[in-house]
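Novice: Turn this into a model:
(one chain, ligands or ions: 1)
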Amino acid sequence: MKAIRKAVIPVAGLGTRFLPATKAIPKEMLTIVDRPTIQYIVEEAVASGIEEIILVTSAGKSAIENHFDYDFQLDTVLKDRNKIQMREELNNISNLIDIISVRQKEPLGLGHAIWMARNVVGDEPFMVLLGDDLVMSKVPCCKQMIQLYEEVGESIVAVQQVPMEQTHQYGIVEGLPTEYERTYKVDRMVEKPAPGTCNSNMAIIGRYLLMPEIFEFLEKTTPGHGGEIQLTDALLALSNKRGMYAYEFNGKRYDAGDKLGYLKAIVDFALSHNALGKPFREYLLSVCNNIAKQ
Ligand code: UTP
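Specialist: Okay, here's the model as predicted:
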């Protein structure tokens, strides 16, 4: 069984749900407490043993690459001003991991974005972490999936249960439970099913562990829902060929590309922040008390 060494992080989407904030700033660079969203995601990959990251970017996203680059000028200034701790923190970011960028010239969909990484990924299984999907968990979500892969040896999609009336907003998986904890054998997958057309509430979130054959199917996939090349269509073809598992990960997921999801992430990440957690909690309690009085 080949080890999982590489992770693809697509960040080439337009971020229309978060306009106007994302007109000039990539949504992946919006801050959650003290770090941009993308840094949490790269840190999750690193903490899961990933050795190389492939960012799928587009025009206007260079701030993401710069964030993980070494900034000689800034480093010199911090050194001259004896800002040791801040210098170390910044250098830790640029030393986190090897990052390679590939371009998606047009936002033709998530499936297309992943296909752009095919030459860098090559013939080995790999992870995909969406650049705007955050997971808070004791064991990184990506690591949980790699551990399961070491048992099942096939592709895995991370899922969470959502209210039935929200299934039309997600890719939905149907499948039967397996001998592995929180794990289902995928039977059927539908991208954003119309209300009432699907019996499952298991929604795919932004973490995938994929066999390299996915690229064969992505190449053949024609534009689907919304005129985009959907990953879900290729996932279904791959699951029919080799089998696939859906894994109900341990943790809480936030869609940081959505305004409300982003606010929820800020609150929860601030509450669990080492230095800010306590004073922020006190502030939140005072806000709640005021709301209760109204
Ligand atoms: P989203 O659908 O959340 O991203 O795609 P989006 O298209 O930027 O968002 P909205 O709906 O317009 O607000 C999930 C992930 O896939 C990437 C996005 O950057 C995001 O990380 N993506 C999406 C691409 O890289 N390329 C695409 O063509 C589409």
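
Novice: does stretch 188-204 come close to the ligand?
Specialist: No. Shown here: stretch 188-204 not in contact with the ligand (C-beta under 6 Å from any ligand atom), separated by at least 10.9 Å. Where C-beta positions appear, they are placed from N, C-alpha and C, glycine not excepted.

Novice: likewise stretch 106-117?
Specialist: Yes. Contact between stretch 106-117 and the ligand, assessed by C-beta under 6 Å from any ligand atom, occurs at Pro107, Leu108, Gly109, Leu110, His112, Ala113.

Novice: got a list of what the residue nearest the centre of the chain touches?
Specialist: If you average the C-alpha coordinates of the chain and look for the closest C-alpha using C-alpha atoms, centre = their mean, you land on Leu130, 2.8 Å from that point. Taking C-beta atoms under 8 Å, 6 or more residues apart in numbering as the criterion, Leu130 is in contact with Ile9, Pro10, Ile41, Leu110, Ile205, Gly206, Arg207.

Novice: The residues you listed in helices, which ones?
Specialist: Secondary structure assignment by DSSP state H places Ile41, Leu110 of the contacts of Leu130 in helices.

Novice: okay, the contacts of Leu130 in CSV with pLDDT and neighbour count next?
Specialist: Compiled in CSV, the contacts of Leu130 are given as follows (pLDDT from 0 to 100; neighbours: other C-beta atoms under 10 Å):
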residue, pLDDT, neighbour count
Ile9, 97, 25
Pro10, 97, 29
Ile41, 96, 26
Leu110, 93, 26
Ile205, 96, 21
Gly206, 97, 23
Arg207, 98, 28
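
Novice: which of the contacts of Leu130 lies closest to Glu150?
Specialist: Within the contacts of Leu130, distances to Glu150 taken as C-beta to C-beta reach their minimum at Arg207, with 16.0 Å.

Novice: so what's the closest one closest to, chain neighbours aside?
Specialist: If you skip the residues right next to it in sequence, Arg207 has Ala158 as its closest partner in space, 3.9 Å away by C-beta to C-beta, 6 or more residues apart in numbering.

Novice: pretty sure the one you found belongs to a strand, no?
Specialist: Yes. Under the criterion used here (DSSP: H, G, I helix; E, B strand; the rest coil), Ala158 sits inside a strand.

Novice: Pretty sure it sits against Met202.
Specialist: No. If you go by C-beta atoms under 8 Å, Ala158 and Met202 don't touch, sitting 10.2 Å apart.

Novice: intersection of neighbour lists for these two?
Specialist: With contacts taken as C-beta under 8 Å, 6+ apart, the residues that reach both Ala158 and Met202 are Ala246, Glu248.

Novice: Starting from the helix or strand harbouring Asn240, tell me the next helix or strand along the chain.
Specialist: Element membership of Asn240, judged by DSSP states H and E, is helix 231-242. Heading C-terminal from helix 231-242, the first helix or strand you meet, by DSSP H and E, is strand 244-248.

Novice: what's the angle from that next one to helix 231-242?
Specialist: Angle of strand 244-248 versus helix 231-242, following axes from the mean of the first three to the mean of the last three C-alpha atoms, to 10 degrees, is 120 degrees.

Novice: And strand 244-248, what does it pack against?
Specialist: helix 141-152, strand 155-161, strand 183-191, strand 202-210 (3 or more C-beta pairs under 8 Å, 6 or more residues apart in numbering; DSSP states H and E).

Novice: where along the protein do the strands fall?
Specialist: Listed in chain order, the strands found in the chain under DSSP state E are 6-10, 31-32, 35-36, 52-57, 98-103, 126-129, 133-136, 155-161, 171-177, 183-191, 202-210, 244-248, 252-255.
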